[in-house]
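# Generate coordinates for the sequence data below:
(2 chains)
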Amino acid sequence: MKYYDKLIFDLSKAGRQGYSLPARSWDATLADIPAGLRRAQAPALPEVSELDVVRHYTNLSQMNFGVDSGFYPLGSCTMKYNPKINEEIAAMPAFAGIHPLQPSETVQGVLRVYKELAHALSAITGMAEFTLNPFAGAHGELTGLMIIRQYHISRGDLKRTRIIVPDSAHGTNPASAAVCGLEIVQVKSKENGLVDVEDLKPLLDDTIAGIMMTNPNTLGLFEKDIKEIASLIHECGGLLYYDGANMNPLIGMVRPGDMGFDVLHLNLHKSFSTPHGGGGPGAGPVGVAAHLVPFLPVPKVVEDEEGYLTIAGQDGESCGQISGFMGNFGVLLRAYTYILMLGKQNVKMVGPLAVLGANYIKESLKDCYKLPIESVCKHEFVFDGLLDQSTGVTTLDIAKRLLDYGFHAPTIYFPLLFHQAIMIEPTETESKETLDGFIEIMRHIAAEAISDPESLKTAPHTTPVRRLDETTAARQPVLRYAEM
Amino acid sequence: MAKTVEGLFYSESHEWVKVEGDVAVIGITDFAQHAMGDLSYVDMPEVDDELEAGEEFGAVESVKAASDLFCPVSGTVVEINEALEDAPELLNEDAFANWIMKVKMNDPSELESLMDAAAYEAMCANE
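Numbering: from 1, shown residues only, chains lettered A, B, ... in the order given. Below is the predicted model:
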């Protein structure tokens, strides 16, 4: 990777052109534009040749690391390959060229995709119906919690304002609950990393709106007491929310609906192969059990007896509108393509292969990295740093050193239950050769930590920039590229 | 090994309390600052805020994590340490010399439920 930090404006040379416009075919002059709409001065656009532009953006793109460039075992993020056919389908003019305000009769195919994706997700998760409107996972969480609140309100059960969240939860869970106006009650994990049912029982009363669970949880462990937890929550009148961030290992094998969950969201950019886009378009569809269908947000796609699809607005019981229009359709379309390309048979292989890969890495490395919980993991697992930490090498040093060997670092210092957490998730799309290459380098780094700790503490060495001073960056951020 | 100071009260959530008459001077422990790493921000309450014992009153943030702060006693905030707004690193330099807020206590008997230095050290040893 070579260092490149220019702006396109740095390349600008007065008078240089990379375009030629066709001759003007109208007669209007500047004077025909009302004075109030005219610029006082020309915009400061870069003046560059076509080659300048191509080299500039090619160089910038090479500063990036993505799933397309190497192994990306970022725990909790499910960095699976995004098949190129997803892009091909999403680029088809019949999909890419539509406008959200087009009349329903001109977008029947698009509405059909919406309806069929919702149907496929219902089948995979065991829920009755889906909304595809939420724009991201956390947006889905908020939508799901609004549905839970709306359910209690519709029953006149106004006391239920508290929601239970395990201490191992993703940070978005308590954050979404707080935005929804709920009070967060934390339930502890046991030594084995699972929710402590005994710690849960005394929290249950008629003020509990529900519980938010991630299964498998953020340690990659299956919450095997889930049926008992579901019974306890339902007995006290609460509902179960399933955070679908870790759905990947269960696809085709286990359905949250069968575990007793009432509401869930899925992260299409994780489990269903749509791109993780630097905060860009995501999708967090929300599925509900039959008794919650009336509370789904609007607009909804409604089908009449002849199979004609229309978009329906506000109705009496819905939790309301949570998005402009109906979600990020381009993302939904990619997930739909992914599901159809795999088909019913192959969808069932996603979970088992993801689980196999994670357990293979875990077992191959546990003699040099500290495995705090000895158990079969699902799609990901957590080490608590090196087994031998005598030379003072930390998880941060290991993560930085991995960059030197061409791997993206795993998630570090999450979950917070362990001080030196390294969280590894390979995903089912990686070959055994790739996993073996990663294992070999991880073992090599563990050996370096003893023989040459300095090379780890000063890593990375081969990246365009060396170790950054994150503390100073946070305390005294420099927010400008240059003094203008 | 993180240090402690004799004569202070300690909470399970790693705050310390120094009693000055009916005012509780409150900060975070050396163990807490060490666990957090280099701090980049301290979120503090406002003067005259009324706090319950165990209530969240702010947060500390580092590059690694953010952690809520909990008030060990109930009372009214009478002063905050404004120096921390521009220099959160003061808590890393000396967590006991740099307090976060002063609270006029409603009920000094609440101090009895807190730990002394020895009990707090024993708790940290188990973390």
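
# drop to CA atoms for contacts and neighbour counts, all remaining ones
Fine.

# Could you give the number of residues near residue 11?
You didn't say which chain, so I picked chain A. 15 (other Cα atoms under 10 Å in any protein chain shown).

# oops, I was thinking of chain B
Counted with other Cα under 10 Å, residue B:11 comes out at 21.

# And the closest residue to it other than its chain neighbours, how far from residue B:80?
Spatially, and ignoring its direct neighbours in sequence, residue B:11 is nearest to residue B:114 (5.5 Å; Cα to Cα, 6 or more residues apart in numbering or on different chains). Going from residue B:114 to residue B:80 by Cα to Cα, to the nearest Å gives 22 Å.

# ditto for residue B:49
In this view, residue B:49 and residue B:80 are 11 Å apart by Cα to Cα.

# what about these two, which has more around it?
Taking neighbours as other Cα under 10 Å, residue B:49 and residue B:80 compare with residue B:80 leading, 19 against 12.

# Grab the nearest non-local neighbour of that one.
Distances taken as Cα to Cα, 6+ apart put residue B:101 closest to residue B:80, at 4.2 Å, once the chain neighbours are dropped.

# ranges for the strands of the chain?
I went with chain A, as the question did not name one. Under the criterion DSSP state E, chain A contains strands at A:129-131, A:162-166, A:183-187, A:208-214, A:239-244, A:263-266, A:286-288, A:300-303, A:309-312, A:381-384, A:411-412, A:421-424.

# that's the other chain; I wanted chain B
Under the criterion DSSP E, chain B contains strands at B:9-10, B:15-20, B:23-28, B:39-43, B:50-51, B:56-62, B:66-70, B:75-80, B:101-105.

# Spell out which parts of the stretch 351-484 of chain A neighbour chain B.
With Cα under 8 Å from any Cα of the partner chain as the criterion, the stretch 351-484 of chain A meets chain B at residues A:413, A:470-471, A:474-475.

# Can you lay out these as CSV showing neighbour count?
Shown next, in CSV, are these (neighbours: other Cα atoms under 10 Å in any protein chain shown):
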residue, neighbour count
A:413, 20
A:470, 15
A:471, 17
A:474, 16
A:475, 18
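
# Tell me which of those residues fall in helices.
Mapping those onto helices (DSSP state H) picks out A:470-471, A:474-475.

# Adding pLDDT, write these out as a markdown table.
Listed next are these as a markdown table, based on pLDDT from 0 to 100:
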| residue | pLDDT |
| --- | --- |
| A:470 | 86 |
| A:471 | 86 |
| A:474 | 86 |
| A:475 | 85 |
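
# Now chain A against chain B: closest residue?
Using Cα to the nearest Cα, the closest approach of chain A to chain B is made by residue A:475 at 5.1 Å.

# Who are the contact partners of the residue lying closest to that residue once chain neighbours are set aside?
Leaving aside its sequence neighbours, residue A:475 sits nearest to residue B:40 (Cα to Cα, 6+ apart; 5.1 Å). Contacts for residue B:40 (Cα atoms under 8 Å, 6 or more residues apart in numbering or on different chains) come out as A:471, A:474-475, B:60-63, B:88-89.

# remind me which residues of chain B are low pLDDT?
B:1 (pLDDT under 70).

# Point out the residues in it that sit beside chain A.
Of all the residues in chain B, those lying near chain A are B:38-41, B:62-64, going by Cα under 8 Å from any Cα.

# Could you work out the most separated pair of the residues you listed?
Greatest spacing in the residues of chain B next to chain A, by Cα to Cα: B:41 and B:64 (11.9 Å).

# of those two, who's got more company?
More neighbours surround residue B:41 than the other of residue B:41 and residue B:64, with 20 against 17 (other Cα under 10 Å).

# wait, the more buried one sits on residue B:62?
Yes. Counting by Cα atoms under 8 Å, residue B:62 is a contact partner of residue B:41 at 6.9 Å.
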